[in-house]
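Q: Build me a model:
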Amino acid sequence: MELQVLPDLSVPLQRVNVYQHTQMKDVIGAMGGFLTPPAGRMDPRQVALEFTQANSLLIAKPYVLDMGKDKTTPQPPAIVQSSTVMRSPVGYHVQLQQTYEGIPIYGGRAIVHMTEERSVYFVTSDLHPDVPEAEMGKAEALSRQEALEALAAELPWKDRLQGEPHCEKVYFSHQGLLRLAWCIDLSLSPKTPIATGEDRSGDWRAIVDMQSGEVLQLLDIALYDDPVGRVFYPNPVVAMKKEDLAWNAAIPDSAYRQVKLSRLDDSGYLSGRYADTADTPNRVLETDGQFLYQRGQPGFLEVMAYYFVDHVINWLRRQGWPDLFRRPLRINACAPMGDQSKFFPYLWALYFGEGKVMDAEDASIILHELGHAIQEAQVKGWGVCEKNKPVRAMGEGFGDWLATVFFAEQRRTFHQGYVGDWDARGYKAPSTCLRRVDTSKTMNDWRGEEHEDGEIWSAVLWDLYQGLGGDSTQATTRRQARATAVKLVLTSHQYLSDGLRETLTFQHGLQALLDADRFTSADVTKPGPHEQLIRDVFAARGITV
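A: Numbers count the residues shown, from 1 in each chain. As a prediction, the model looks like this:
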C-alpha cells in the first residue's frame, strides 16, 4: 500500500480505520497509510507534540471505541509532554506522557513514529479521554510514608528493602474513574532460606489510592530468566565416553549439562504443558527456578524426567506433531517398584523404577517409556492385547529406536546403537547396555518375547534411518535423515489403528510405512520416494509384503 503524503500534520479521519485494532491498542496509521510532510531538522519532540495537538479528535479514545459517534464533535486536546526519544534505523520514536494539573496519568501515553526527515507515519495511543472529577485530588491525601504503611498489609516490605522506594503521584484509572494515587516502586530482598512460593522477593509496583489507602494494583515486575536444571545428556557413560564407568563412580561436573526447563507453570514445581512430576513423592519446589541438582540429590531424577519428556514432545511438535499430548503426562521419577519402569495408559503416567542406577538417571530409559506414551497418544489402546504379540514388540522396538535416534549425534562415535548403557551398570550382573538397535537379528531369531523381538523392529527402523542418510559424514544430512525417519515412522502408526491388536504383524507395520511414505509425498498417486529403501531394509530382516 502506498502512503499518502499529506499537506500538513492533520490526518483526514476517513483515511484511518482503527476499529479492528481496539482489542490491543488504539493504533493509528497502519490502515490509513499517511505520511506527514518532512519537518527538516525540527526537534522530534516538537514534531510529536504538534502532531498530537493537530489530531486530538482522531487520537481521542471515544472515537476509537464508538465508530458511530459524531466525528466532528470537538474534543479537548490531550495535555501531553514529551517523555523519551528513541532512535532506530527507521528514524525517531517519541513517547508522550499525558498529564492533568501537572500530574502524570498512569498509562496515558502516545508514541509518535517518524522518519529521519521527521515525517510522521504511525502513532500508537493510550491517551485517556476523561479528566478527574473536580473534587478528586483536593481532599486530604495520604503522605508518601502513610501510603507505604498501607502497602505493608498486602506486601510485607519492612526490613527487606533494597534501596529507597520510588514514590510518584499519578492519576490511576480504576472502575472508570481517574483516582489520585501513589505509584510506588520497590525492591525486596529474599528471605533466607527461601522456603515457599510466598517469599515475594524481587521488584514490585504498587498503586495506592491517595484518599483511602486501598491498594488498587500490585504487580511483580521482575523479569525472570527461564528456569534451569542440570541433567545427564543422555547419560554419564556417553558424556564421558568411559566404557568401564562403574555405577558408584564419582561423576564429574563435566558429565552434566545445564538446560532450560521450558513450558513450566508458575507453581515452582516441575509442572508444565507436557509433563508434571506430581506423582513423585516429596517433589521439589524451587520458587527461583534453579533446579540445579546432582546425582543422588533430591530432585535430580525429577529434573531428568521432566526435561526429557517436555523436550522430546516439543521437538516432535516442531517436526509436525503439535497435538500429541493434550494433557500433561504424570511422572513418578522414583517409584518403589524395583528396577523396572512402566507406562500406565489409563493413568496417563510414567513411573520410573529404582536400582543402583535409578532408571530416570538414564535418558534412554526415559525416552523408551515415552515412546509407549507417544504410541498411545496416536492410537488409543496401542498395546492392549496379550503379552508378546507382534504389536507389543513393535512398541518395545519403537521405544528403543526413539531413545537412540534422538541421541544419534551425541552417540555418533561412542555407543551409537545402545539403549540403557548407564542403567545397565547397576544390574545384579552389570552389563554394557540393556539392548541395542544395531543387532543382526532377523525374523529367524523370533523368540515370542516382546522385548527380544522388539530388537528386530528397532533394527529395521535403525536401518531405515541409516539408509536415509543417518550414516552420512555431513551433519545436515544426518539431521534431515532423522527428521524424515521420524515423520515416516510416526505417520505409519496412524495406519495401524484398525482391527484387533492381536492380529497386527510386522508385515502390517511394513505396509503402514509404505503408506506413510506415499501419503507424505508430493504426489500421492504414485509410490513414495523411499519405497525401495523401505522394502530393502525390511527384506534384509525377513519382512516382506
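Q: Would you agree L402 is in contact with A373?
A: No. Between L402 and A373 there is no contact under CB atoms under 8 Å: 10.7 Å. Every residue, glycine included, has its C-beta placed from N, CA and C.
Q: These two: which has the busier surroundings?
A: The neighbour comparison of L402 against A373 (other CB atoms under 10 Å) goes to L402, with 27 against 22.
Q: tell me which element that one falls in.
A: Taking DSSP states H and E as the definition, L402 sits inside helix 390-405.
Q: pLDDT of that helix, averaged?
A: Helix 390-405 comes out with an average pLDDT of 97.
Q: Could you do stretch 259-270 as well?
A: pLDDT averaged over stretch 259-270 gives 93.
Q: same thing with stretch 457-467?
A: Averaged across stretch 457-467, pLDDT comes to 98.
Q: Just the residues contacting that stretch, thanks.
A: 393-394, 396-398, 400-401, 404-405, 408, 417, 435, 437-441, 481-482, 485, 488-489, 506, 509, 513, 533-534, 536-538, 540-541, 543 (CB atoms under 8 Å, 6 or more residues apart in numbering).
Q: So which of those are in strands?
A: When DSSP state E defines the strands, the subset of the contacts of stretch 457-467 inside them is R435.
Q: Which of the contacts of stretch 457-467 are buried? Put it as a ChimeraX command.
A: In ChimeraX, this line selects whichever of the contacts of stretch 457-467 come out buried by 16 or more other CB atoms under 10 Å:
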select :393,394,396,397,398,400,401,404,405,408,417,435,437,441,481,482,485,488,489,506,509,513,534,537,538,541,543
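Q: and the residue nearest the centre of the chain, how far is that from L468?
A: Most central in the chain under CA atoms, centre = their mean is R263, positioned 4.2 Å from the mean C-alpha point. R263 is 30 Å from L468, where distance means CB to CB, to the nearest Å.
Q: got a list of what C385 touches?
A: Each residue near C385 by CB under 8 Å, 6+ apart is listed here: V391, R392, L500, R501, E502.
Q: Turn these into CSV, columns for distance to A147 and neighbour count.
A: Listed next are these as CSV, based on distance: CB to CB, whole Å; neighbours: other CB atoms under 10 Å:
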residue, distance to A147, neighbour count
V391, 69, 24
R392, 68, 24
L500, 72, 10
R501, 68, 18
E502, 73, 13
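Q: So which residues of this protein form helices?
A: Applying DSSP state H to the chain gives helices spanning 44-54, 56-59, 61-65, 144-152, 236-240, 300-318, 363-378, 390-405, 450-465, 475-494, 506-519, 531-539.
Q: Just give me the neighbour total for V237.
A: 26.
Q: do Y427 as well
A: For Y427, the neighbour count with other CB under 10 Å is 15.
Q: Need phi/psi at it.
A: Here is the backbone geometry of Y427 (degrees, to the nearest 10): phi -70, psi 160.
Q: For I103, see how far away it is.
A: Distance from Y427 to I103, by CB to CB: 74 Å.
Q: tell me the contacts of the residue nearest to L496 when sequence neighbours are not counted?
A: In space, and not counting its chain neighbours, L496 is closest to A512: 5.1 Å by CB to CB, 6 or more residues apart in numbering. Neighbouring residues of A512 by CB under 8 Å, 6+ apart: S492, H493, Y495, L496.
Q: out of those residues, which is most surrounded?
A: Busiest of those [other CB under 10 Å] is S492, holding 26 neighbours.
Q: wait, isn't that one in contact with T520?
A: No. Between S492 and T520 there is no contact, the gap being 9.8 Å when judged by CB under 8 Å.
Q: Point out where the stretch 351-500 of the chain drops to low pLDDT.
A: 498-499 (pLDDT under 70).
Q: where does G299 fall, phi/psi-wise?
A: phi 110, psi -20.
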